[in-house]
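S.K.: need coordinates for the below:
(chains A and B)
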Amino acid sequence: MHNRIASIVIILAAGAFGLTGCVSEKAARLTPVSATKTEVHHLGKFVWFDLLTEDPQAVQPFYKELFGWRFAADKNAPEYIVIYLGDKPIGGIVTHENKDPEIPESMWLVSLSVADVDLAVSAAKARKAEVLDGPTDIKGRGRMAVIRDAEGAELVLIRAAGGDPPDAGVKAGEWLWVDLFSKDVQKAQDFYGAVAGYTPQSVPTADEDFIILLRRGSRAYAGVVKLKLDDVEPNWLPYVKVDDLEDTISRAEKLGGILLLRTENVAIIADPSGGVFGIQMTEGARS
Amino acid sequence: MKKIIVTLLLAGFFGVILSSCGGGGGRTYYQGHYGYNGWYGYPRYIDRRPIVVPPPDPGFDRPEAVQLPEPPIDMPGPEAMPMDMEPMDMDMGMPEVDIGL
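M.R.: Numbering: from 1, shown residues only, chains lettered A, B, ... in the order given. Down below sits the predicted model:
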């Protein structure tokens, strides 16, 4: 009799322990990168964009006014803020405390869809990349790793749970393009060819220079731009599509942003927290 | 025998519970230190950087701030200066000396 009671108590305790574990794990589940389960992965495409900033509340009005984005705390991880354009999740904002309070560390981290995160990480490490986080399975989100490539540019490698977002047309206010600013273009295209299976293609630009398109099959998913600015370190820069470049620049500056660079169709802006992103008016040859 | 069966059942129970909940990590994902973004050093980005005053050279005696004398009360203001004065002869007849410049 005593043994039976003891067994029931143990089983109940085990159940309680197990349920507690489930609740805490549920808190770690993040919003998927795709609003619908596609079960399709667009390998080589950048499928998610996270802003790491020390002040998530301060930057939301900036992006809301500039692009019409709205923000909602992730229902399972309140510290993670999901960015929506309409009903479509397009990115996230993560509280990231500065290690050095004197230096702003806000940055946009882009997530590259790969077939196998672990294999991609191995290929990156073999080419002198540094692994900063993971690889780890994040419930709802997928398997992820944060790496710093051989030149120092950070990005996320992801195999999204449930698949990537549909590869459909891009509306104003959505992410349009991603460029790698690199000081060694040849080294960069070799690196990402090994990590993500890209085939490079050199394309002349209007200013008698060239850009390397990183392609998979018939699609170009990103560009490699020769970094000629001594003060800028290699980095991945995401671009938002806009309808009116002048108007967007003007509004960004009124909202506390800083225009860093611009061309006829492209501009690079720092948000009020120091996170840097691009805007691009037309899809053009780089889409 | 009963003990073995109960032990196995409990082990299986724990296994099911833990495996159904495992793998997530239970933390916000981005934990690493990623440094600063690549545009930090760009001149126009400098507005976002703090102004750092370099520490004084330890071998340099910093001059102490001293109180400036108050101007005399009856000193005429600039508006009282005559605007139509003839230019003064500043060399006052001194000979020119070649100092090698």
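
S.K.: buried set for stretch A:271-287?
M.R.: Going by neighbour count (16 or more other Cβ atoms under 10 Å in any protein chain shown), the buried part of stretch A:271-287 is A:Asp271, A:Pro272, A:Ser273, A:Gly274, A:Gly275, A:Val276, A:Phe277, A:Gly278, A:Ile279, A:Gln280, A:Met281, A:Arg286. The way it works is simple: take the backbone N, C-alpha and C, and place the C-beta from them, glycine included.

S.K.: err, stretch A:204-217, not the other one
M.R.: So for stretch A:204-217, counting by 16+ other Cβ under 10 Å, buried means A:Ile211, A:Ile212, A:Leu213, A:Leu214, A:Arg215, A:Arg216.

S.K.: what helix or strand is the closest residue to the last one other than its chain neighbours on?
M.R.: Using Cβ to Cβ, 6 or more residues apart in numbering or on different chains and skipping the chain neighbours, the partner closest in space to A:Arg216 is A:Gly44 (3.7 Å). Element membership for A:Gly44, per DSSP states H and E: none, as it lies in no helix or strand.

S.K.: is A:Val94 within a helix or a strand, and which one?
M.R.: Using DSSP H and E, A:Val94 sits within strand A:88-95.

S.K.: sorry, back to before: and the buried residues of stretch A:271-287 near chain B, which?
M.R.: Residues shared between those and the neighbourhood of chain B are A:Gly274, A:Gly275, A:Val276 [Cβ under 8 Å from any Cβ of the partner chain].

S.K.: make a markdown table from the residues you listed and add pLDDT and secondary structure to it.
M.R.: Listed next are those as a markdown table, based on pLDDT from 0 to 100; DSSP: H, G, I helix; E, B strand; the rest coil:
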| residue | pLDDT | secondary structure |
| --- | --- | --- |
| A:Gly274 | 89 | coil |
| A:Gly275 | 93 | coil |
| A:Val276 | 95 | strand |
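
S.K.: now, which of the buried residues of stretch A:271-287 lie within strands?
M.R.: Taking DSSP state E as the definition of strands, the buried residues of stretch A:271-287 contribute A:Val276, A:Phe277, A:Gly278, A:Ile279, A:Gln280.

S.K.: tell me which residues are up against the strand holding A:Val94.
M.R.: A:30-35, A:48-54, A:56, A:59-60, A:69, A:71, A:74, A:79-84, A:165, A:174-175, B:28-30 (Cβ atoms under 8 Å, 6 or more residues apart in numbering or on different chains).

S.K.: ok, then the element right after that strand?
M.R.: Going down the chain from strand A:88-95, the next helix or strand is strand A:107-113, by DSSP H and E.

S.K.: tell me the mean pLDDT for that following strand?
M.R.: Averaging pLDDT along strand A:107-113 yields 96.

S.K.: sketch out the low-pLDDT regions of chain B for me.
M.R.: For chain B, the stretches flagged by pLDDT under 70 are B:1, B:5-28, B:46-101.

S.K.: confidence score at A:Thr136?
M.R.: At A:Thr136, the model reports a pLDDT of 92.

S.K.: that one and A:Ala160: what is the separation?
M.R.: 14 Å (Cβ to Cβ, to the nearest Å).

S.K.: neighbour-wise, which of the two wins?
M.R.: Set A:Thr136 next to A:Ala160 and count neighbours by other Cβ atoms under 10 Å in any protein chain shown: A:Ala160 wins out with 25 against 18.

S.K.: quick check: beta-bridge partners of the more buried one?
M.R.: A:Gly142 (DSSP bridges).

S.K.: contacts only, for it.
M.R.: So A:Ala160 contacts A:Pro32, A:Val33, A:Ser34, A:His41, A:Val47, A:Trp48, A:Ser113, A:Arg141, A:Gly142 (Cβ under 8 Å, 6+ apart).

S.K.: can you rerun that using 7 Å?
M.R.: Applying Cβ atoms under 7 Å, 6 or more residues apart in numbering or on different chains to A:Ala160 gives the contacts A:Pro32, A:Val33, A:Ser34, A:His41, A:Val47, A:Ser113, A:Gly142.

S.K.: which among those count as buried?
M.R.: For those, buried by 16+ other Cβ under 10 Å: A:Pro32, A:Val33, A:Ser34, A:His41, A:Val47, A:Ser113, A:Gly142.

S.K.: now name the helix or strand holding A:Ala145.
M.R.: Using DSSP H and E, A:Ala145 falls in strand A:142-148.
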